[in-house]
Structure formats: structure tokens, C-alpha cells
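Q: Please find the sequence and the predicted model below.
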Amino acid sequence: MKTLLKNTLVPILASRPVSAIASRFVKPGIPIFMMHRMDSGNQPYTGTHPDHLRRCLEYLANRNYRFIALEDLILALKNDQPLPDKGVVFTVDDGFWDQAEIAAPIFLEYDCPATFFVITGMLDRKLWPWDVKASHLIASSNLEQIKITLGEQTYSLPLKNEHDRFNARKIIRDAMKELDNERMDDMLVELAVATGNEISATPPDHHRPLTWDNARQLEKSGISFAPHSITHRMLSRLYDDTAANEIVGSWERLQNELASPSPVFCYPTGRPVDYGQREVSILKDNGLIGAVSTVPA
């Protein structure tokens, strides 16, 4: 009953030739639009422009789509209640500053109860996510080419222009996802050496997280917060106790910091290979009512 869509699909709804198709697509269930970073006008990453988000929400509001919270959708499904006509859900992953300072006010402007899935170790200032570190190491390298061995595969990748660097980031991050996530820190050190960089203990300003104070204020205004693990590593590639801690620990941190966090988990990366029955059982045993992935269904 749920379909997770990248925010880049939203403009399709605004295209008159396909509006009828979009309408038929929405009716059988509730689409969940998954977002990440926002365009702040001065950052080395791709993000959703604020005006674009406003246009999308305006389009949906003007056509009588109903913005609903993810938790409400899951409860309706669990209790076999009828789904609202033309319902739409928005979620935002990770917990960066731009999501709180740019995206949240726009959602509130349109009375859209978005759910923000946060990496709690990042909000605790104990880490910045491995995938962001990997992207930053490649983006900030002064080299024109890098060579690195990950697992049994050796990669020799050009970094001569932004297109090269974009491809390198994707290739390296995808490769790291497939390996032993217990060794993620070691792999990042190897990548730092390959790119001629060092890994700082704190992220650069444009990758800083939102704060718990941000979250508390936004929660009072109508934004929901939910767990997205502690470190953002792929759960299926972790030992049992580590995977359990990623889920339970992130949920407990939210309960300690916020008044009413949403008991819904978001699987890091969220591919079918990134979680399984073990993770589902951990969620059920610890009071979480559901989880989302990147798998359309």
C-alpha cells in the first residue's frame, strides 16, 4: 500500500499531459514522497530548491490532495481503517541543518505534517555519516584520479571534473555498501589516503546536523521525528547485537530527547538486501509500529 518516490518525481504531477496518469496512480494507495537535502544556494551537493518544494505542495493543495502523517497512515493500515481519499505523505531523511531551517518551514506553511527520519549519532555530535564522509573526501580531493581497492575490486577513477566526481562518489559509495559494514571506519581511512585527504572529527559547515533543540521546536509546530539508526550503516551487514543497537539505540535517543517521537523506523539505504526478518523482529520487540524502505510496493 505504500510507494516511496524520489522528490524528483513530483514535477511530473504538474505536467498537464500526464496529470490523468498521476491521478490514477495515487488513487489505489498513498504515495510517500522521500526527500533529502535542500538547496541552500551555496553547497557542493544537489538539493531540492525551496521554490520547487513550494510549487509541488501548492500543486497538491490546489487539487485537494490531503497531507497526512506517516504514522497516521501506518496506524490506518494496521487497524484496517479506510485510507483518506487523495492522501499524500512526505518524509525527509537524515537530519541535516537545511532540512530543519529550509524544508520544515515550507512544510509548516502548507500544513503538511512531514516526518523527519534522523541519524541520532549525528544529532548527538558523535559522528557524521559514512556516506557523507565518502562523498566529501571525493568532492574535496585535489587529485585528478584516485585508485583504491575495496574488497576484491580495485577502482581507478578520474576526478577531472564534476561529472567524474559525481560518478566516483556513486561507484565508491555503492561498493562500500556491499562490504562488511563493521569495517566502515577502516574503509573510510583507506579512501582518505587514496584521495589525499584527512577525515575531520566534525563535518564541514554545509554538512552540519540539525540540533535537538531544532527538533524540539519543530515537533511543537507539527513536524514528526523518527529513528533512522545511529550511524546510517546497512543493518543486514552488521552483527546481531550491532544491528539491534542501531535500531533500539536510535529509538531510545529520540524518546529521551523529544516529547512524542513517531514509532516508525527508516531503514538506512532501504534496499531489499539492507534489512530482513531479523530487523523486523527487533522493531516489533521494541514497540515500533512499522518501517519504510526504498522499495515500491
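A: On my side now, so go ahead. Numbering: from 1, shown residues only.
Q: Can you pull out the low-pLDDT segments for the chain?
A: The model of the chain has pLDDT under 70 over residues 1-28, 44, 297.
Q: swap the cut-off to 90 and go again
A: 1-29, 40-46, 82-85, 295-297 (pLDDT under 90).
Q: longest single strand anywhere in it?
A: Ranked by residue count under DSSP state E, the longest strand found in the chain is strand 87-94.
Q: in its sheet, what does that one sit against?
A: strand 30-35 (parallel), strand 66-67 (parallel), strand 115-118 (parallel) (DSSP bridges).
Q: out of those strands, which comes closest to residue 190?
A: Residue 190 lies closest, by CB to CB, to one member of the strands paired with strand 87-94: strand 115-118, at 28.2 Å. Just so you know, the C-beta spots here come from the backbone N, C-alpha and C atoms, and that holds for glycine as well.
Q: next helix or strand past that closest one?
A: Sequence order places helix 120-123 as the next helix or strand after strand 115-118, per DSSP states H and E.
Q: Now do that following helix: which elements does it pack against?
A: Counting contacts by 3 or more CB pairs under 8 Å, 6 or more residues apart in numbering; DSSP states H and E, helix 120-123 packs against helix 240-257.
Q: what's the following helix or strand after the helix it packs on?
A: For helix 240-257, the following helix or strand on the C-terminal side (DSSP H and E) is strand 264-266.
Q: Run through who's touching that following strand.
A: Contact partners of strand 264-266, identified using CB atoms under 8 Å, 6 or more residues apart in numbering, comprise 70-71, 74, 91, 93, 115, 117, 226-228, 247, 251, 283, 288-292.
Q: one more time with 7 Å, if that's ok
A: 70-71, 74, 93, 115, 117, 226-228, 247, 283, 288-292 (CB atoms under 7 Å, 6 or more residues apart in numbering).
Q: now the following helix or strand past it and helix 240-257, what's the angle there?
A: Counting by DSSP H and E, the element after strand 264-266 in chain order, helix or strand, is helix 277-285. Interaxial angle of helix 277-285 relative to helix 240-257 (axes from the mean of the first three to the mean of the last three CA atoms, to 10 degrees): 30 degrees.
Q: Mind listing residues that contact helix 277-285?
A: By CB under 7 Å, 6+ apart, helix 277-285 touches 235, 240, 243, 244, 247, 248, 265, 291.
Q: tell me which residues in stretch 145-163 are buried?
A: The neighbour-count check on stretch 145-163 (16 or more other CB atoms under 10 Å) flags 146, 148, 150, 157, 159 as buried.
Q: Any idea what the second one is bridged to?
A: Spelled out, it's residue 148. residue 155.
Q: helix/strand/coil for the closest residue in space to residue 76 that isn't next to it in sequence?
A: Using CB to CB, 6 or more residues apart in numbering and skipping the chain neighbours, the partner closest in space to residue 76 is residue 83 (5.9 Å). Following DSSP: H, G, I helix; E, B strand; the rest coil, we place residue 83 in the coil state.
Q: which ones are touching residue 83?
A: 29, 30, 76.
Q: so which of the strands paired with strand 87-94 is the most packed in?
A: Most buried of the strands paired with strand 87-94 by mean neighbour count (mean count of other CB atoms under 10 Å) is strand 115-118; its value is a mean of 27.
Q: Starting from residue 182, give me the distance back to residue 189.
A: 14 Å (CB to CB, to the nearest Å).
Q: go on, residue 292?
A: Remark: distance between residue 292 and residue 182 (CB to CB) = 25 Å.
Q: Then residue 212?
A: 28 Å.
Q: Settle it for me: which of those two has more neighbours?
A: Set residue 212 next to residue 182 and count neighbours by other CB atoms under 10 Å: residue 212 wins out with 19 against 12.
Q: Verify the stated contact: that one with residue 256.
A: No - applying CB atoms under 7 Å, one finds residue 212 not in contact with residue 256, separated by 9.4 Å.
Q: How many residues are close by residue 88?
A: 22.
Q: and the gap between the nearest residue to it once chain neighbours are set aside and residue 29?
A: Of all residues beyond its chain neighbours, the one nearest residue 88 is residue 65 (4.8 Å), with distances taken as CB to CB, 6+ apart. According to CB to CB, residue 65 and residue 29 sit 13 Å apart.
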